[in-house]
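*Asks:* sequence and predicted structure, then a few things I'm wondering about:
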Amino acid sequence: MAAIRLVVFDLDGTLVDSVPDLAVAIDLACQDLALRLPGAVVVRQWVGDGVRRLVKRALTGERDGEPDAILYRRGMELFRRYYRDHLSDHTHLYPGGRAVLDELHAAGLRLACVTNKSGEFTAPLLEALDLQRYFGVVVSGDTLAQRKPDPAPLLHAARTLGVAPAAACMVGDSANDMRAARAAGFLPLAVSYGYGNAAEVASTGPETLFGSLTELPAWLAARNRALAGRAASR
């Protein structure tokens, strides 16, 4: 085992709760299309697989539904317009999130954000919340041809920052995050408060499960100290 030098964060459901603004955009788009308005409770169950799948779920009312192509194009146009207009109205960091980023940065760890959120929304949201300054690299859902659970985005982040996968961890709320971490050779760390299905996340075997992001710095520090102690005793 290697000491952790790079911490990669998922965005929606891990660092920020973006459902309030996503739900507004989805409801406004559905309203224009004379469709049933899903509302925030339902939208919270639909997020995590990217914007395209979210819009398809809203248009069909089904988790894996496929809408008519013309309806889908119109739905995407409307959603994108409304989400750009309401991107950061009510989206907020989870409790202690900024303090955690400050603490990890002060400890000398490299930080990255890897999200399935489209780049057109990721960059302005990070800027609006003053988060972009923490990350050495940001990989959005359309930065590469692959996205989580494919390991490529995580490996891209590690290469960009010059850190070996064995010295990196992925912090996320979904099974996709944990599967991507395992496939990339990252340490998979899960949070319990996000949008992911708890049973599905647990089935991927995360190294640990945090009830709050504020638990992360102490856990990483203790792990790195233990590894350093073992190395010194050899």
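*Replies:* Received, thanks.

*Asks:* which elements pack onto the helix or strand that contains Arg52?
*Replies:* Arg52 belongs to helix 51-60 when assigned by DSSP states H and E. Secondary-structure packing of helix 51-60 (3 or more Cβ pairs under 8 Å, 6 or more residues apart in numbering; DSSP states H and E): helix 19-32, helix 39-46, helix 69-85. Using the backbone N, CA and C atoms, a C-beta is placed for each residue, glycine as well.

*Asks:* can you pull out the strands in the chain?
*Replies:* Per DSSP state E, the chain carries strands over the ranges 6-9, 16-17, 92-93, 110-114, 137-139, 168-172, 187-191, 208-210.

*Asks:* how about these in CSV, adding mean neighbour count?
*Replies:* As requested, the strands of the chain are exported to CSV (neighbours: other Cβ atoms under 10 Å):
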stretch, mean neighbour count
strand 6-9, 27
strand 16-17, 22
strand 92-93, 15
strand 110-114, 24
strand 137-139, 22
strand 168-172, 27
strand 187-191, 25
strand 208-210, 15
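
*Asks:* quick one: those strands as JSON lines, columns for mean pLDDT and distance to Ala25 too.
*Replies:* As requested, these are arranged in JSON lines below (pLDDT from 0 to 100; distance: least, Cβ to Cβ, whole Å):
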{"stretch": "strand 6-9", "mean pLDDT": "98", "distance to Ala25": "23"}
{"stretch": "strand 16-17", "mean pLDDT": "98", "distance to Ala25": "15"}
{"stretch": "strand 92-93", "mean pLDDT": "98", "distance to Ala25": "16"}
{"stretch": "strand 110-114", "mean pLDDT": "98", "distance to Ala25": "21"}
{"stretch": "strand 137-139", "mean pLDDT": "98", "distance to Ala25": "21"}
{"stretch": "strand 168-172", "mean pLDDT": "98", "distance to Ala25": "23"}
{"stretch": "strand 187-191", "mean pLDDT": "98", "distance to Ala25": "24"}
{"stretch": "strand 208-210", "mean pLDDT": "97", "distance to Ala25": "29"}
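
*Asks:* output the ones you listed in TSV; the columns should cover distance to Arg73.
*Replies:* Shown next, in TSV, are the strands of the chain (distance: least, Cβ to Cβ, whole Å):
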stretch	distance to Arg73
strand 6-9	32
strand 16-17	28
strand 92-93	31
strand 110-114	28
strand 137-139	26
strand 168-172	30
strand 187-191	35
strand 208-210	40
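
*Asks:* of those strands, which is nearest Phe79?
*Replies:* Closest to Phe79 of those is strand 16-17 (Cβ to Cβ; 18.5 Å).

*Asks:* what residues does the closest one touch?
*Replies:* By Cβ atoms under 8 Å, 6 or more residues apart in numbering, the residues outside strand 16-17 that reach it are 91-94, 97, 125, 129.
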